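1. sharing a sequence plus its predicted fold:
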Amino acid sequence: GPRRITRRRPVDDDGSAERRKKEGESQQAAATMSAASKTPTYQIRPEYRQRISVNEMKVVIKSVVKEELEGKTYQTESVQDQTTAIADKIRNRLRDLQKPRYKFFVQVVIGEQRGEGVRMGCRTFWDADTDAYASETYVNDSLFCVATAYGVYLY
């Protein structure tokens, strides 16, 4: 059969259809370039100097426990307040290290020194590259204290 040939004519005689097409292409290219040039701002890992150090944590724990318990004797009535005060003080000093996006948990146990053995343990499920814990023990003739702090990086 006969072949039909159709010719497209521009909608506008002044070339505005073609100009709109070019403008649309340039806008799309600009949007693609701006999206590619933006770097992600969400930080998954702390910078090296912003990581919490076990040694830093140990120094804080040791100093607080020594300040609070040196020369003290075990008294059942005051142990609950002592553990709370020590835990709060350790947590606040760890916060003062200004490690961004770290959350600190502190556990303090004080017991009477009777020559008996005590065993404590912990199990964690975390990122070993960013998270850490430190523990210190203080003992005198009357009492023992185990203070443990956990530093967890919030993603």
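-> Received it, and whenever you're ready, just let me know what you need. Residues are numbered from 1 along each chain as shown.

2. which residues of the protein score low on pLDDT?
-> Filtered on pLDDT under 70, the chain yields the residue ranges 1-37, 40-41.

3. and the strands in it, which stretches?
-> Applying DSSP state E to the chain gives strands spanning 102-112, 132-139, 143-153.

4. go through stretch 74-82 and flag the buried ones.
-> Using 16 or more other Cβ atoms under 10 Å as the test for burial, stretch 74-82 gives Tyr74, Val79, Gln82. Just so you know, the C-beta spots here come from the backbone N, C-alpha and C atoms, and that holds for glycine as well.

5. which ones are touching the last one?
-> This means Gln82. Gln82 is in contact with Glu68, Leu69, Lys72, Ile110, counting by Cβ atoms under 8 Å, 6 or more residues apart in numbering.

6. mind checking which of these are buried?
-> The buried subset of those (16+ other Cβ under 10 Å) comprises Glu68, Leu69, Ile110.

7. which of those residues lies closest to Val118?
-> Of all the buried ones among the contacts of Gln82, Val118 sits closest to Ile110, with 11.0 Å by Cβ to Cβ.

8. please report the distance of that closest one from Asn92.
-> Per Cβ to Cβ, to the nearest Å, Ile110 is found 19 Å from Asn92.

9. sorry, back to before: winner for burial among the strands of the chain?
-> When you average the neighbours per residue for each of the strands of the chain (mean count of other Cβ atoms under 10 Å), strand 143-153 leads with a mean of 22.

10. partners of that strand in the sheet?
-> Using DSSP bridges, strand 143-153 pairs in its sheet with strand 102-112 (antiparallel), strand 132-139 (antiparallel).

11. of all the strands of the chain, which lies closest to Val60?
-> In terms of Cβ to Cβ, the element of the strands of the chain nearest to Val60 is strand 143-153, at 7.5 Å.

12. where exactly do the helices run in the chain?
-> In the chain, the segments counted as helices under DSSP state H are 16-37, 54-69, 76-95.
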